[in-house]
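Peer 1: A structural model of the following input is requested.
(chains A and B)
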Amino acid sequence: AQSVTQLGSHVSVSEGALVLLRCNYSSSVPPYLFWYVQYPNQGLQLLLKYTTGATLVKGINGFEAQFKKIETSFHLTKPSAHMSDAAEYFCAVSRPYNQGGKLIFGQGTELSVKP
Amino acid sequence: EAGVTQFPSHSVIEKGQTVTLRCDPISGHDNLYWYRRVMGKEIKFLLHFVKESKQDESGMPNNRFLAERTGGTYSTLKVQPAELEDSGVYFCASSVHRGEPNTEAFFGQGTRLTVV
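Peer 2: Predicted coordinates:
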């Protein structure tokens, strides 16, 4: 079975500060890991993903995430927050595509950015 | 190229009524997924189509929910009769079916269903 836990349903940072959104996963098979973002009144947009290979994954809008197998973590970071980063962020895990590819999501973390 | 489109964007219905949600995937995407987010909870998988075939419907809550994808194009999700606990945001996603492990799923904006 697979599951995802996002630590902190709400995170608030100041503009220019480091963004750190935490995600821990559980998976009995090598996981595929994703971060999605949902801006107000929009659908989910893929930020980045890890399938195999390099454990530091770079995504759009300056975000990156580090896959740590021993810690079972996939935390999302951005060195300097912008006001436009305010949104809800979802960490997700999936099985390999040939097993369906469905996503299992965490509960989401709402990021607020203060001026 | 159009993205994944969902209709309606919002729906308010009374308990016991029927509602049909529609999803138009990206053209050429054989995979179509339905997900649901109940307020305050995580986004949960409902079911997965490959073309017109149901590949996995393990997430469907009960038999009041019926999903179809006639002709392998758009999909509908019918709730009949609706109950209060069916309220939430219903997302649709689609992806190509190339058999690759990292195929990206594209999401629609969701349909916000409120049952009163």
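
Peer 1: Using the three-state scheme, assign the residue nearest the centre of chain B.
Peer 2: For chain B, the residue nearest the mean C-alpha position is residue B:34 (3.1 Å; CA atoms, centre = their mean). Under DSSP: H, G, I helix; E, B strand; the rest coil, the three-state class of residue B:34 is strand.

Peer 1: which ones are touching the nearest residue to it once chain neighbours are set aside?
Peer 2: Counting by CB to CB, 6 or more residues apart in numbering or on different chains, residue B:34 lies nearest to residue B:46, which is 4.1 Å off, once chain neighbours are set aside. To be clear about C-beta, it is placed using only N, CA and C from the backbone, and glycine gets the same treatment. If a contact means CB atoms under 8 Å, 6 or more residues apart in numbering or on different chains, then residue B:46 has B:33-36, B:57, B:59-61, B:65, B:67, B:77, B:90 as its contacts.

Peer 1: And residue A:69, by the same measure?
Peer 2: The neighbourhood of residue A:69, defined by CB under 8 Å, 6+ apart, consists of residue A:55.

Peer 1: And the strands in chain A?
Peer 2: Listed in chain order, the strands found in chain A under DSSP state E are A:3-7, A:10-14, A:19-26, A:32-38, A:44-50, A:56-58, A:64-68, A:73-78, A:87-94, A:103-105, A:109-114.

Peer 1: hang on, residue B:107 packs against residue A:42?
Peer 2: No. Assessed by CB atoms under 8 Å, residue B:107 is found out of contact with residue A:42, at 9.2 Å.

Peer 1: Of these two, which one has the most company?
Peer 2: Counted by other CB atoms under 10 Å in any protein chain shown, residue B:107 and residue A:42 do not tie: residue B:107 has more neighbours, with 24 against 13.

Peer 1: That one and residue B:32, how far apart?
Peer 2: For residue B:107, the distance to residue B:32 equals 11 Å [CB to CB, to the nearest Å].

Peer 1: Overlap of the contact sets of those two?
Peer 2: Counting by CB under 8 Å, 6+ apart, the common neighbours of residue B:107 and residue B:32 are B:92-93.

Peer 1: what pLDDT does the residue of chain A lying at maximal distance from its centre get?
Peer 2: In terms of distance from the mean C-alpha position of chain A, residue A:115 ranks first, at 23.3 Å (CA atoms, centre = their mean). pLDDT, residue A:115: 94.

Peer 1: how many other residues sit next to the residue nearest to it when sequence neighbours are not counted?
Peer 2: Distances taken as CB to CB, 6+ apart put residue A:15 closest to residue A:115, at 5.5 Å, once the chain neighbours are dropped. For residue A:15, the count of nearby residues is 14 (other CB under 10 Å).
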